[in-house]
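1. I would like the atomic coordinates for the input below:
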Amino acid sequence: MRMRPQQTVGAAPAVVDEGNEPADCGAAADADADTDVVAPSPAVLERRPRWRRRLRALTVRLMVVGVMVILTLVLVEVVFRLFGYRPVYDVYSSPDSFVRYDADLGWSLEPGSTGEFVGPRPFPIEYRSDVRINELGLRGPELEPVPANGVRVLVLGDSWTAGFEVEEEETYVAVLQERLERRLNVPVQVINGGVRGYGTDQALLLYRDRLDDLDPDVVLYHTTINDPEDNTVLHRMRRLYGKPAFHVGPDGSLRLVAQPVPDYPQCSEFRLVGGEVTRVDGVRARAFCWLQTNLSDRSAFFSFVTERLQRNPDVVRRLYGLGSPNGAPAPPPPSPPAADAPHERPEGDGEPPMPPAGGGQDPPPPPPPALDPPHALTARLIKELAAEVRRDGAEFLLIGLGADLTALDLPALDAADIDAVPIDAAMGTDPSVTQIPNDGHPNPVGHRRIGELLVDPVAGLVQEGEGR
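-> Take a look at the predicted model:
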C-alpha cells in the first residue's frame, strides 16, 4: 500500500507551472517569508503616469496662456503709446516730486529743486503750478536778512500750507506777507515751512532741529484733519519714505521712535500701537499696491483706463482703497467747514464775499468727552511745539478748520494759553468756490481768503511781542 506523503501544516503545496515543472521549494519558502510585501496592482501602476501626464499638460497650458496674456498686454501697451497715451506719472507729478529721503524727518524738500506740479492724480487736471525750493529746503525765494525794524513770521504745516496746487504768490503765506506789510507798515517776511504729508510730529522736529535759528517773531502751526492719523503712522502704503513718531511714555514724557528712519518696503504700512512698531497691512493690500506701483502707474494702457474712470470719482477712490490695509477708500477731502449762514453771490465775479472772522457765528461745539489716543497725542505735540517756540522768545498761534480744532484736547490747549483761530469763515460753505475739485485743497480764492483772515490775529501777536 502506498503511503501518501504527509503535508506539514502551513506549508504551501507544490505548484506546477505551465511547463509541468515543479516549483522550487526554496522559492516557495522565500515567498512565504515575504508575505507582508504587497506588489502594486497593474491599475495603480497605470494610474500614476497618467496623473503626472495630466499635471504636466496643465502646467504647459497655463504657461502658454500666461505668455499669450503677457504678449497681448505688451502689444496693447505699444499700440496705446503709438496713439499718444502716456503712463500716469508722465502726465501728473510723481510722489517723489521735490522731495528726498531724510534720516531725521522721513522726507524733506530737495534744496534748489524747481519744476511744475500737476494734478490732482488721477482726475482731470485742475492745476499746473511752478514750484521752487530754496537752499533751506522750503518753498519760496532765498531768505534775506530781516531789517532791524522788520518782522519775521514762520508758518508750519502740511500740504495746505505748502500750497503746491497754486502759484507761489497765491499761497496764503504770500498773501499774509503782503497784507501784513500794509497793516504794520514795516518790512515783513513770512516763511513757508509747509511740507506735503507732514504730521505734527515732523513739524515739531523741523522747527526744533532746523528752523528755530531763523529767530521768527511769530510761529503759526496749521493743523488739519490728517494730523492725528499721521502722528501714529511710521510708513503709509505706497509712500516712498517712512517717518519717525512720538509715543507718550508711562511718565508722560514724549519718546521719539524710529529715528533714524529705516527703509520700509513701499507696499507696507507700519503704525505705532501702544508704543510698539506694528505692521498693519495684509496680503490683499500688498498685492494691489504692487500692481499699482509696478504696473498701472507705469502703463499707458492703464493710464487710458484711468482716464475713462475719471467720469466716476467714487469708482476711482474705491479702486485706490483696494491697496489700503483695511480696503477703505482713499482719504476723503478735508472736512467741510462748519456751517455758516449762507452767503449770496454778487453779480460781479461770481465769488461770494468773505464774512468777517467770527462775525455772527455760533460758538464751536464742545470737545468730545473722551479723546482717542491719536487726537490726544496731536494736542500734546502742539503743546510741545508752542513751548519750544516760546522758549525761543516768539509768539505762537494755532490755526485750522473748526472741526479739526475742536476734535483736539481744547482744555489742555487752553490751559497752555494757546490761541486757536478757525479758518472756516475763509473757506465758506460752498467748496466749489474755495477748494479744488477732486482734491480738497484750497484754490487761489481759498488761499487769498485764509491769508486775509490771518492778518488781524498775527498783527495782534506782533504788537504783543513788541510790548514785552
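
2. Now stretch 101-115: buried residues?
-> For stretch 101-115, the neighbour count (16 or more other CB atoms under 10 Å) marks Asp102, Asp104, Leu105, Gly106, Trp107, Ser108, Leu109, Glu110 as buried. To be clear about C-beta, it is placed using only N, CA and C from the backbone, and glycine gets the same treatment.

3. can you list those in CSV and add pLDDT, distance to Thr434 and secondary structure?
-> As requested, the buried residues of stretch 101-115 are exported to CSV (pLDDT from 0 to 100; distance: CB to CB, whole Å; DSSP: H, G, I helix; E, B strand; the rest coil):
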residue, pLDDT, distance to Thr434, secondary structure
Asp102, 98, 32, strand
Asp104, 98, 35, coil
Leu105, 98, 30, coil
Gly106, 98, 30, strand
Trp107, 98, 28, strand
Ser108, 98, 29, strand
Leu109, 98, 25, strand
Glu110, 98, 30, coil
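
4. Compile these into CSV and extend it with columns for distance to Pro411.
-> Output for those, formatted as CSV (distance: CB to CB, whole Å):
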residue, distance to Pro411
Asp102, 35
Asp104, 32
Leu105, 30
Gly106, 31
Trp107, 34
Ser108, 34
Leu109, 35
Glu110, 41
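
5. so where is the chain shaky, pLDDT-wise?
-> 1-49, 77, 80-81, 84, 306-370, 467-468 (pLDDT under 70).

6. What segments of it are strands?
-> In the chain, the strands defined using DSSP state E lie at 99-102, 106-109, 114-119, 127-132, 151-157, 188-194, 218-222, 233-235, 245-248, 254-257, 270-273, 276-279, 395-400, 420-422.

7. Now the residue sitting nearest the centre point of the chain. Nearest residue, chain neighbours left out?
-> The centroid of the chain falls nearest to Arg236 when counting by CA atoms, centre = their mean (4.8 Å). In space, and not counting its chain neighbours, Arg236 is closest to Glu269: 6.0 Å by CB to CB, 6 or more residues apart in numbering.

8. Contacts only, for the one you found.
-> Val233, His235, Arg236, Met237, Arg279, Val280, Asp281, Ala285, Pro325 (CB atoms under 8 Å, 6 or more residues apart in numbering).

9. Neighbour-wise, which one of those residues leads?
-> His235 (25 neighbours; other CB atoms under 10 Å).

10. Kindly reformat the strands of the chain as JSON lines and extend each row with distance to Phe304.
-> Output for those, formatted as JSON lines (distance: least, CB to CB, whole Å):
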{"stretch": "strand 99-102", "distance to Phe304": "28"}
{"stretch": "strand 106-109", "distance to Phe304": "31"}
{"stretch": "strand 114-119", "distance to Phe304": "18"}
{"stretch": "strand 127-132", "distance to Phe304": "21"}
{"stretch": "strand 151-157", "distance to Phe304": "36"}
{"stretch": "strand 188-194", "distance to Phe304": "34"}
{"stretch": "strand 218-222", "distance to Phe304": "38"}
{"stretch": "strand 233-235", "distance to Phe304": "31"}
{"stretch": "strand 245-248", "distance to Phe304": "39"}
{"stretch": "strand 254-257", "distance to Phe304": "43"}
{"stretch": "strand 270-273", "distance to Phe304": "34"}
{"stretch": "strand 276-279", "distance to Phe304": "35"}
{"stretch": "strand 395-400", "distance to Phe304": "39"}
{"stretch": "strand 420-422", "distance to Phe304": "43"}
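
11. Between the ones you listed, which one is closest to Phe302.
-> strand 114-119 (17.5 Å; CB to CB).

12. so the closest one versus strand 127-132, what angle?
-> Per axes from the mean of the first three to the mean of the last three CA atoms, to 10 degrees, the angle that strand 114-119 makes with strand 127-132 is 150 degrees.

13. which secondary structure elements does strand 114-119 contact?
-> Contacts defined by 3 or more CB pairs under 8 Å, 6 or more residues apart in numbering; DSSP states H and E place strand 114-119 against strand 127-132.

14. deepest of the strands of the chain, which one?
-> Highest mean neighbour count among the strands of the chain (mean count of other CB atoms under 10 Å): strand 218-222, with a mean of 27.

15. Verify the contact between Tyr172 and Val455 for me.
-> No. With contact defined as CB atoms under 8 Å, Tyr172 does not count as touching Val455 (10.5 Å).

16. who's more crowded, the two?
-> Neighbour count, other CB under 10 Å: between Tyr172 and Val455, Tyr172 has more, with 31 against 18.

17. Run through the residues that contact the residue nearest to Ile125 when sequence neighbours are not counted.
-> The shortest distance from Ile125 to any non-neighbouring residue, by CB to CB, 6+ apart, is to Val118 (6.1 Å). Neighbour list for Val118: Val91, Tyr92, Ser93, Ile125, Tyr127, Arg128 [criterion: CB under 8 Å, 6+ apart].

18. ok, the residues you listed vs Leu211, which is closest?
-> Looking across the contacts of Val118 and measuring by CB to CB, the closest to Leu211 is Ser93, at 25.1 Å.
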